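Novice: Next comes the sequence, and after it the predicted model I'd like to discuss.
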Amino acid sequence: MEHLLAASAVSPAPSLSDTGLGTNVAVLERVDTAVELPYEVILWDDPVSTMALVVIVLKRVFHFSTEKATELMMIAHETGRVVVWAGDRAEAESYCVQLHTFGLSATVSSS
């Protein structure tokens with residue numbers, strides 16, 4: 001991603017003084033910045049975990065409401081997978097480990 005930054009120092013530009021535009025010119029430079037993409041925690045449908053267990057775990061780990069946890073569980077059940085959270089890599093990995101602790105199938109993926 002490119003950002004334009006104005007240089008903090010303003011340098012005189014004598015060649016512009018004759019034009020009436022003034023003698024100070026802000027110098028711009030391109031700065032490339034790496035933006036880390038969010039990481040997704042993906043919950044996978046599995047034939048072992050009950051629907052009730054999945055809802056309980058989602059509520060406990062992510063503090064979702066019963067309605068939200070049920071909605072996400074149903075999406076995973078019907079489609080095979082659902083993104084339950086996205087953000088920072090370390091947090092995504094932590095959430096994934098917590099889901100594994102309860103026996104759920106989950107992975108982390110960069111989006």
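Specialist: Good, I have the coordinates.
Novice: all helices for the chain, in order.
Specialist: 14-17, 51-62, 66-79, 89-101 (DSSP state H).
Novice: Show me what the third one is packed against.
Specialist: Contacts of helix 66-79 with other secondary structure elements, assessed using 3 or more CB pairs under 8 Å, 6 or more residues apart in numbering; DSSP states H and E, are made with strand 39-44, helix 51-62, strand 81-87. All C-beta spots, glycine's among them, are computed from the backbone N, C-alpha and C.
Novice: circling back: got the helices of the chain as CSV, with distance to Trp44, mean pLDDT and mean neighbour count columns?
Specialist: Shown next, in CSV, are these (distance: least, CB to CB, whole Å; pLDDT from 0 to 100; neighbours: other CB atoms under 10 Å):
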stretch, distance to Trp44, mean pLDDT, mean neighbour count
helix 14-17, 63, 50, 10
helix 51-62, 11, 98, 17
helix 66-79, 7, 98, 16
helix 89-101, 10, 98, 16
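Novice: re the thing from before, nearest to Leu72, out of the helices and strands packed on helix 66-79?
Specialist: Among those, strand 81-87 comes nearest to Leu72, with 5.2 Å by CB to CB.
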